[in-house]
Each structure stands twice: as C-alpha cells, then as structure tokens.
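Peer 1: build me a model from this:
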Amino acid sequence: MADLEKANNVQVHATSPHDAYRNGGEAAAYRNSPTSAVKNTIANPAPLGLFSFASTTLILSFYNTTVRGIHTPNIVIGMALFCGGLAQFLAGMWEFPKGNTFGATAFTSYGAFWLSYATIFIPGSGVLAAYTDKKEQASAVGIYLMTWMTVTFLFFIVALRKSASFIALFGFLTITFMCLGIGDLAGQPNATKAGGVLGVITALIAYYIGLSEMLTAEKAAVVQLPLFAFKHD
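Peer 2: Numbering: from 1, shown residues only. Have a look, this model is predicted:
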C-alpha cells in the first residue's frame with residue numbers, strides 16, 4: 001500500500017498542469033495533464049456501419065443483376081460517397097475508442113472502399129476516361145475487385161471464431177467480390193450477375209446483424225435476434 005501511495009503521489013506531482021506550465025509551457029501541460037477514468041458512453045456504432053454497408057451493397061447488387069434493365073450503376077455514387085463511404089468510415093472511427101479492433105478495421109476499410117469505388121464512376125474524375133481500351137479497363141477493375149476479395153477473405157478468417165452470422169457475412173462477401181472480379185477479368189456477364197445475387201444475400205445478412213446489434217442496445221426491445229456467437233472458455 002505504501003508503494004502504491006508513493007506511486008500515486010509521484011504521478012499527481014508529475015502531471016500537475018501548474019508544474020507543467022512552469023517547466024515547459026502549454027505544450028508540456030497538454031502532454032502531462034492528468035487523465036481520469038471516464039465512463040464509456042459512446043453508443044454502439046456497428047448498426048450505422050452495417051446498415052450503411054448493407055444499403056449501398058443492396059443497391060449496387062441489384063444493378064449488377066441488371067434488374068429492370070439497369071446497366072449503368074452511376075446512381076449509386078451518392079450512396080457510395082455518403083452512406084457506404086462517409087457514414088461507414090465514421091462508424092469505423094468510433095469503433096476505435098470502444099476498443100473493437102475488428103469492427104474499426106472492417107468499417108473503416110469498407111468505408112474507404114466505397115469512397116474509392118464512387119471516385120471511379122464520378123463524372124469528371126478522369127478515372128474511367130483514362131482508359132481507351134475497354135478490355136484494359138475491365139482488367140483494371142477486375143484486379144481492383146480481386147484485391148478486395150483478398151481483404152475480405154482475411155476478415156473471414158478472423159470471423160471464424162466470432163459468430164456464425166459474421167462467418168456468413170464475410171463468406172458471402174468474399175464470394176461476391178470473386179464473382180464480380182471474374183466477371184470483369186474474364187468478360188463473363190453471368191459471373192457479374194451471380195455476384196449481384198450474392199451481393200443481395202450479403203446485404204440482407206448485414207441488415208440482420210445490424211438490427212440484432214441495435215435491438216440489443218434497447219432496454220425494452222420487442223425481440224432479440226441471435227448472432228449465434230461462439231462461446232470461448
């Protein structure tokens with residue numbers, strides 16, 4: 001106990017703002033100012049990230065299946081920028097102070113993905129205009145999608161010890177990226193359509209997980225949706 005009191009006294013003395021100002025000015029005061037335990041009142045950002053991801057994925061996936069004869073996906077740009085992109089990226093940032101490495105990495109990564117994807121199709125960005133050869137453009141997009149398939153597969157590996165819901169989410173998303181990548185690299189429209197169908201399933205799973213997370217945060221939820229999480233000893 002004596003050692004603990006001594007350590008605490010040293011900490012208080014060393015971190016006194018007044019001492020810091022005398023010894024080094026404002027910058028030192030900022031570095032050495034004492035911190036106290038603060039109750040974590042940050043709301044769970046996961047539903048925001050999951051709903052944003054699911055909504056943008058659902059829209060683009062319907063376009064990839066050419067539903068109602070839609071072949072031009074540009075209407076998804078707004079969603080990709082502000083919903084799948086910005087909102088999901090912010091959800092990832094809020095996961096960091098909650099100490100959720102997996103959620104922070106996943107939401108931030110896919111938020112950045114949607115922002116980069118939107119940039120490709122923004123008129124005037126010059127990204128697609130730089131390609132005069134359609135085959136070269138398709139190959140470039142295919143490599144882009146296959147890279148994200150790899151990133152998603154890494155998340156899938158981590159999800160193997162989390163829950164059946166997350167395994168399904170990242171498993172379907174991995175296959176979705178693979179089909180979309182093959183569709184561009186091999187020039188197979190049917191593979192792209194298959195990727196669209198799988199993307200719709202992926203979006204529905206993300207909606208389910210997001211709803212489950214939001215219901216869990218409610219004190220009097222009308223129902224609880226299980227995520228089928230694995231128990232760890």
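Peer 1: what's the closest non-adjacent residue to Leu185?
Peer 2: Gly142 (3.5 Å; CB to CB, 6 or more residues apart in numbering). In short, each C-beta sits where N, CA and C put it, glycine included.
Peer 1: is it true that the one you found touches Ile182?
Peer 2: Yes: Gly142 is within contact range of Ile182, at 7.5 Å (criterion: CB atoms under 8 Å).
Peer 1: so what's Leu215 up against?
Peer 2: The neighbourhood of Leu215, defined by CB atoms under 8 Å, 6 or more residues apart in numbering, consists of 221-225.
Peer 1: for PyMOL, write a command that selects the buried ones of the residues you listed.
Peer 2: Selecting the buried subset of the contacts of Leu215 in PyMOL, with 16 or more other CB atoms under 10 Å as the burial test, is done by:
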select buried, resi 225
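Peer 1: so what's the residue nearest to Leu185 up against?
Peer 2: Contacts of Gly142 (CB under 8 Å, 6+ apart): 181-186.
Peer 1: let's see that with 7 Å instead.
Peer 2: Applying CB atoms under 7 Å, 6 or more residues apart in numbering to Gly142 gives the contacts 181, 184-185.
Peer 1: helix or strand for it, which one?
Peer 2: Counting by DSSP states H and E, the element that carries Gly142 is helix 134-159.
Peer 1: same check on Gly210?
Peer 2: Gly210 belongs to helix 189-216, assigned by DSSP H and E.
Peer 1: how about that helix: buried residues?
Peer 2: Going by neighbour count (16+ other CB under 10 Å), the buried part of helix 189-216 is 191-196, 198-203, 205-214.
Peer 1: any stretches of the chain with poor pLDDT?
Peer 2: 1-40, 233 (pLDDT under 70).
Peer 1: how does it look with 50?
Peer 2: 1-24, 26-33, 35-38 (pLDDT under 50).
Peer 1: just the helices in the protein please.
Peer 2: In the chain, the segments counted as helices under DSSP state H are 2-14, 17-32, 46-64, 77-81, 88-95, 101-121, 134-159, 164-185, 189-216.
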